[in-house]
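**Q** Got a predicted structure plus its sequence, pasted below:
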Amino acid sequence: MSKYLVDESNSEESTNFGQKIDNTQSLKAGNRGPTLMEDFAFREKMLHFDHERIPERVVHARGVGAHGYFETYEDWSNLTCAKFLTTPGKKTPVFVRFSTVLGFRGSPDTVRDVRGFATRFYTEEGNFDLVGNVIAPFFVHDAIKFPDVIHAGKPEPNREVPQAGTAHDTAYDFFAEFPETIHTVLWALSGRGIPTNFRQVEGFGVHTYRLITEEGKAIFVKFLWKPKQGLCNQVWDEAQKIAGKDIDFHRKDLYTAIDRGDYPEWEFGVQIIEEKDEFAFDFDLLDPTKLVPESLVPFKPLGKMTLNRNVENYFSETEQVTFCVGHIVRGIGFTDDSLLQGRLMSYFDTQINRMGSANYMQLPINQPLTAVRNNQRDGSMQSKIFKGEVAYYPNALQNNSPAKPAKPYIDYPQQVNGRKVRDEVPSVKDHYSQAQLFYNSLTDPEKQQLIDGARFEIGKCKLEVRERMVVIFNHVDNSLARRVATALGVSPPDRVADNPGKSSKGLSMVEYPKPDHIRTRTVAILTAPGINTQEAKATYDFLKGEGAYVEYVGVTLGDQDGLDITNTYLTTASVLWDAVYVPGGQAGIDFLITANTSFFPAEEPLMFVVDSYRHGKPIGVSNEGVKLLEKAMLKVDAPGIVKSDKVDNHYFEDLKEAIREQRFWNRLPMDKDI
Ligand code: HDE
């Protein structure tokens, strides 16, 4: 792709047809006169500007992309003949685009939503696009319902509100009418719907695919991505505040980590189901509203992906990348999952609509590494010049070329039969067992967050929608329904269904392994004139040495007693940081508590620690710094508050451990009756 990079530094301006121009003024009849029609430079510039936008994606419009590579651990030819998985250590370039689903292209990053995790592998056999999500199941099992679920979730068409979220009548009207959505709805209401950043998300291929060996043996697989950075979510209040303070929060997080060389990594792997076990489960393997629990089928890592390069140009790369579920490589196959089958058509169509041309695969970001040879011709913006008179097959004039390859894509010779029907699929009808499995697998604080999410979202809906949603919840779990109902002004229902209490590993975010370091964790050190700069500096140096992203927050920008203040209490807020440290120093703490300069927002330092506390974040505090917490009426002995009179190595290790832990969920308020 580098041959397409354009560097315009030290150059002279020209039109698109190459004429050098002075483009600082338009051509007028006299200084104050009308602009002349003959001004070709003005016309070209303005017309190009008028056409700068292409239709945004109908879903997943808001996204962020990065380049990287995938490296396979071993030769997996016992599972598949896909070449990128059969040469140990081989690096295959990738491009990943993370996205929210419902919001428009300029919507905030931290809304509650499902998120896309789309990966393109530029393999030596062509592009393989694994267009997945960060949530394992999907709302509906039949592609024909997709426009409905999206119309219900998108802003309501009469007024076009609300933006980028499901907290409104039409979304929950649909969910209540269509209970197969409940499993995915619970995922979205949990921490999975508000990840801390895109580096800490799992990825799921969602559908069941096939892997096929050279000998033609096939197995069923689910594709999964496991982040090395751990899993973490924001608190809903925090996510909402970030949506105002920094709507690009997730984008910037990814860009920053990559710019600083802290490349995020994911293990890529599969859950393997032998063909003979297709019907061995109490759910349908081809039903994408269900997942394969890791307690039943373990995750088998195949390789690792590293994202190590940011895009040069958002539009050319992230906006113009055209993922298609149908971009597949030899050794990987589809299944009869009807959602997958529907997607196989929709993505090609949507890309032609977005790009305005069937030649979109010729764009630099879309070109495969392999040669493209076929008899497809012409179309808008054709950039290739094909030699010769032949554009058909078979032909003798060109020796029957492009010819049949020696090893073409393997269409798995699956037996297909059945009557044409437009019926419900009986095996999909159990909507609640896996919703229960998911709910039961969460820790109590995670359940609480899910319930609070439901109270917020459904609390925005009409009474009849609220009542119907409580009925759905009650089929999952009576206590869940009662807890949600109480806050919605709906009568807590009696038990109607059993929740047998089954759970699975791999579903709780809290139980996911944490990294053993604190690299990339962001820490704000609160300062004011009179703060103990020695303590501040020593903590800064220690955390920085551990690879954390540490900055000082102060009253004004610039130097303050030798500290380089890069944020003020006006430009930042606790929600933008993973942790906060308050050093000692009586005068400084007095300043933060009483704040006597006119431009200083008096409550902000207090709000800083209050929000950090409420969002379960680690808070380091030394000596007089404790007084700021006391003034804010926080429990200074609560978990995750690391305090000491001595800022020494012992203290630093405790602080590091708390920052590594990332969140102290049991500090968040819990319902009394559980
Ligand atoms: Fe998509 N989806 N989708 N989807 N999807 C699109 O393609 C569609 C589904 C997913 O970063 C669109 O380029 C249908 C499941 C991601 O560019 C569109 C159905 C999963 C992205 C489309 C589904 C996804 C898209 C919109 C049901 C997870 C963003 C613009 C049959 C496995 C890709 C575009 C990117 C994007 C259709 C369901 C993930 C319209 C019809 C299930 C990550 O083609």
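**A** Thanks, I have it. As the structure is a computational prediction, the values presented were derived from the model and not from experiment.
**Q** contacting residues around the spatially closest residue to Asp477 that is not a sequence neighbour?
**A** Leaving aside its chain neighbours, Asp477 sits nearest to Asn499 (4.6 Å; criterion: C-beta to C-beta, 6 or more residues apart in numbering). Every C-beta, even on glycine, is put in place using the N, C-alpha and C of the backbone. Counting by C-beta atoms under 8 Å, 6 or more residues apart in numbering, Asn499 touches 436, 439-440, 476-478.
**Q** which other residues reach stretch 452-471?
**A** 112, 162, 165-169, 171-173, 175-177, 189-190, 193, 236, 473, 481, 484-485, 487-490, 493.
**Q** distance between the ends of it?
**A** Stretch 452-471 has an end-to-end distance of 17 Å (criterion: C-alpha to C-alpha, to the nearest Å).
**Q** What does Leu526 show for phi and psi?
**A** When quoted as degrees, to the nearest 10, the phi and psi of Leu526 stand at phi -80, psi 130.
**Q** Tell me how far it lies from the ligand.
**A** To the ligand, Leu526 is 38 Å away according to C-beta to the nearest ligand atom, to the nearest Å.
**Q** On the three-state scheme, whatever residue of the stretch 351-500 of the chain ends up closest to the ligand is what?
**A** Per C-beta to the nearest ligand atom, Gln351 is where the stretch 351-500 of the chain lies closest to the ligand, at 5.9 Å. Secondary structure assignment for Gln351 (DSSP: H, G, I helix; E, B strand; the rest coil): helix.
**Q** just the buried members of the contacts of stretch 452-471?
**A** 112, 162, 165-169, 171-173, 175-176, 189-190, 193, 236, 473, 481, 484-485, 487-488, 490, 493 (16 or more other C-beta atoms under 10 Å).
**Q** Tell me where the stretch 551-674 of the chain has helices.
**A** For the stretch 551-674 of the chain, applying DSSP state H, counting those that start in this stretch gives helices covering 586-594, 604-614, 626-631, 649-661.
**Q** any idea which of those helices is most buried?
**A** Highest mean neighbour count among the helices of the stretch 551-674 of the chain (mean count of other C-beta atoms under 10 Å): helix 604-614, with a mean of 21.
**Q** Show me what that helix is in contact with.
**A** Contacts of helix 604-614 (C-beta under 8 Å, 6+ apart): 235, 237-238, 241, 524, 526, 528, 553, 569-570, 573-575, 577, 579-580, 582, 592-593, 595, 618-619, 628-629, 631-632, 634, 638, 641, 667-668.
**Q** now the angle from that helix to helix 586-594?
**A** 80 degrees (axes from the mean of the first three to the mean of the last three C-alpha atoms, to 10 degrees).
**Q** one step back: select from the contacts of stretch 452-471 every entry located in helices.
**A** Among the contacts of stretch 452-471, the subset assigned to helices under DSSP state H consists of 169, 171-173, 175-177, 189, 236, 473, 481, 484-485, 487-488.
**Q** where does the closest residue to Ile212 other than its chain neighbours land on pLDDT?
**A** Distances taken as C-beta to C-beta, 6+ apart put Ala218 closest to Ile212, at 4.8 Å, once the chain neighbours are dropped. Note on Ala218: pLDDT of 98.
**Q** What distance do you get for Ala218 to Glu275?
**A** Distance, Ala218 to Glu275, using C-beta to C-beta, to the nearest Å: 6 Å.
**Q** again, but for Tyr613
**A** Tyr613 is 53 Å from Glu275, by C-beta to C-beta.
**Q** Which residue ranges of the stretch 251-400 of the chain form strands?
**A** All strands of the stretch 251-400 of the chain, identified by DSSP state E, counting those that start in this stretch, fall at 265-274, 300-310, 332-333.
**Q** give me every residue that touches the residue in the stretch 551-674 of the chain positioned nearest to the ligand.
**A** In the stretch 551-674 of the chain, the residue that lies nearest the ligand is Leu576 (25.4 Å; C-beta to the nearest ligand atom). Residues near Leu576 by C-beta under 8 Å, 6+ apart: 242, 245-246, 249, 522, 524.
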